[in-house]
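Participant: Here is my input; please provide its structure:
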Amino acid sequence: MIPFQESNNGVTFAVKVHPRAKKNAITGEVGEALKLSLTAPPIDGRANDACIEFFSKLLNVPRSSITIASGQTSRTKVVRVAGLSAEEIRKRIGI
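Facilitator: Next up, the predicted model:
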């Protein structure tokens, strides 16, 4: 099970990004991280933007509610979501 940490700033969780995939989708779990396939290449922050856009649409929240808390230049990232509880995120992701 993916650990979600709740704080005053929002809920954080780990994501392992697979760039240049055929489609944007959550494709499983890797250790304690969600495995996320993105069509965007890992160049000039495009994969980070695609990650934010993906979770914004999936969780039905504004883009401004999603941030990359750490791992901007790494495949393993920590995503922060403001305005939702960990339980609500689990329901919307479907895990």
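Participant: and the closest residue in space to residue 45 that isn't next to it in sequence, which of the three is it?
Facilitator: In space, residue 45 comes closest to residue 72 once its chain neighbours are excluded; the distance is 7.3 Å by Cβ to Cβ, 6 or more residues apart in numbering. All C-beta spots, glycine's among them, are computed from the backbone N, C-alpha and C. Using DSSP: H, G, I helix; E, B strand; the rest coil, the structure places residue 72 in coil.
Participant: roughly how far apart are residue 72 and residue 85?
Facilitator: Distance, residue 72 to residue 85, by Cβ to Cβ, to the nearest Å: 25 Å.
Participant: So between the two, which is more surrounded?
Facilitator: Using other Cβ atoms under 10 Å as the criterion, residue 72 and residue 85 rank with residue 85 on top: 13 against 10.
Participant: Hmm, that one is touching residue 10, no?
Facilitator: No. Look at residue 85 against residue 10 with Cβ atoms under 8 Å: they stay out of range, at 9.7 Å.
Participant: Check the average confidence over the longest helix seen in the chain, would you?
Facilitator: Secondary structure of the chain per DSSP state H: the longest helix is helix 46-59. Taken as a whole, helix 46-59 carries a mean pLDDT of 97.
Participant: who's in contact with that helix?
Facilitator: 15, 17, 19, 24, 26, 36, 38-41, 61-63, 65-68, 72, 77, 79, 81, 84, 89, 92-93 (Cβ atoms under 8 Å, 6 or more residues apart in numbering).
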